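Chemist: Let me see the structure of the following:
(one chain, ligands or ions: 1)
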Amino acid sequence: MPEREFDLIAWIRRAASRGRGVRTGIGDDCAVLDLPGGRLLATTDVIVSGVDFLPRENPVLIGRKAANVNFSDVAAMGGRPLWLLASLTLPPGLPAHWARKVTRGLLDACRAAGASLVGGDLSATSGPAAICCTALGEARKPVLRSGARPGDAIGVTGPCGGSILRRHLTFRPRVDEGLRLARVATAMIDVSDGLTADLDHILDESRVGADLDSRAIPVHADARRVARRSGRTPLDHALTDGEDFELLFTCPPRRFPRWARRIGTITRRRGLRLDARAIRPRGYEHVLG
Ligand SMILES: [Mg+2]
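Modeler: From the prediction side, this is the model:
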């Protein structure tokens, strides 16, 4: 352990502010939380050194990412993040303040999302560092992946591709956008695996297909930069890179918000087509075993 566990916990307890619905935060056996009036949302995500971040990367940004990937999932349900639990497993040999900096990042993300850190755990490991976060949130009417209907417009909240350059660490979860979309969206997901891979999750769950228009796909400037070295097109990066953490949603065309980008249409005919040609959804998938 790079630092005495109880010192670190005492510091985290002081640094974690009290927030909405928190009766008892860090320091007892459980946090005591007031349930919101809507539905309770729960999601968890672990990020591992060497897989989801590199050990040499800024630990504040690593902590921010660990929390924000969870807040992005709450946003993808049209929900409001309320609380975060975070567990760190730390290998020996990390710089002394690494865990504190990661915690600083967790707290930054909580503050920005309007949530509070209410618990967690610390442990040592002989393997790589890992940060596991669980976020709890609320939604009056959660938006599922299964509600897309033929004729719905497909939209995305911002440009995609090339997140590896830095955005996968520095992104802002689209919480406000998700809350606005919750009023009109029939299905929603956050772009973590890749635009086409995540759209395919909606298509599967909703038992529908989709037509995408390549000229309408918002391609991030980072996708163009990465494409210069990769030999692939910027559009291909936008469609498959992942970790953009934009929201991908479907809604009736007449209710489509002016501020979002319309990229296609949901069809009764199954499968995914780009400019009328069938494509295979591709994105990032962890290799297990
Ligand atoms: Mg997700």
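Chemist: contacts and neighbour counts: CA atoms only from here.
Modeler: Noted.
Chemist: how about residue 273, what does it touch?
Modeler: 210, 211, 212, 279 (Cα atoms under 8 Å, 6 or more residues apart in numbering).
Chemist: Ok, residue 220 next?
Modeler: Residues near residue 220 by Cα under 8 Å, 6+ apart: 159, 160, 161, 162, 238.
Chemist: what's the closest of those to residue 68?
Modeler: Distance to residue 68, by Cα to Cα, is smallest for residue 160 among the contacts of residue 220, at 17.2 Å.
Chemist: Tell me the spacing between the closest one and the ion.
Modeler: 15 Å (Cα to the ion, to the nearest Å).
Chemist: Run through the residues that contact that residue.
Modeler: Counting by Cα under 8 Å, 6+ apart, residue 160 touches 195, 218, 219, 220, 223, 237, 238, 239, 241, 242, 244, 246.
Chemist: Name the nearest residue to it, ignoring sequence neighbours.
Modeler: Using Cα to Cα, 6 or more residues apart in numbering and skipping the chain neighbours, the partner closest in space to residue 160 is residue 238 (4.7 Å).
Chemist: Check the burial of the one you found by counting its neighbours.
Modeler: Residue 238 has 26 neighbours, counted by other Cα atoms under 10 Å.
Chemist: so what secondary structure elements neighbour whatever helix or strand it lives in?
Modeler: Assigned by DSSP states H and E, residue 238 falls within helix 234-240. On a contact count with 3 or more Cα pairs under 8 Å, 6 or more residues apart in numbering; DSSP states H and E, helix 234-240 meets helix 195-206, helix 221-230.
Chemist: What are the buried residues along the longest one?
Modeler: Of the residues in helix 195-206, those buried by neighbour count under the rule 16 or more other Cα atoms under 10 Å are 195, 196, 197, 198, 199, 200, 201, 202, 203, 204, 206.
Chemist: Pipe these into CSV and attach pLDDT and distance to the ion per row.
Modeler: Below are the buried residues of helix 195-206 laid out as CSV (pLDDT from 0 to 100; distance: Cα to the ion, whole Å):
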residue, pLDDT, distance to the ion
195, 97, 12
196, 97, 13
197, 96, 11
198, 97, 8
199, 98, 11
200, 97, 13
201, 97, 10
202, 97, 11
203, 98, 15
204, 97, 15
206, 98, 16
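Chemist: will you turn the residues you listed into a markdown table that also has distance to residue 88?
Modeler: Converted to a markdown table, these look like this (distance: Cα to Cα, whole Å):
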| residue | distance to residue 88 |
| --- | --- |
| 195 | 30 |
| 196 | 32 |
| 197 | 29 |
| 198 | 28 |
| 199 | 32 |
| 200 | 32 |
| 201 | 30 |
| 202 | 32 |
| 203 | 35 |
| 204 | 34 |
| 206 | 36 |
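Chemist: Let me know the closest of those residues to residue 25.
Modeler: Of all those, residue 25 sits closest to residue 198, with 34.7 Å by Cα to Cα.
Chemist: in the sheet, who's paired with residue 83?
Modeler: For residue 83, the beta-bridge partners are residue 116, residue 136 (DSSP bridges).
Chemist: How about the contacts made by it?
Modeler: By Cα under 8 Å, 6+ apart, the contact set of residue 83 is 110, 115, 116, 117, 118, 135, 136, 137.
Chemist: State the phi and psi torsions of the residue in the stretch 101-250 of the chain that the ion sits nearest to.
Modeler: Residue of the stretch 101-250 of the chain nearest the ion, by Cα to the ion: residue 190 (4.9 Å). Backbone torsions for residue 190, taken as degrees, to the nearest 10, come to phi -100, psi 150.
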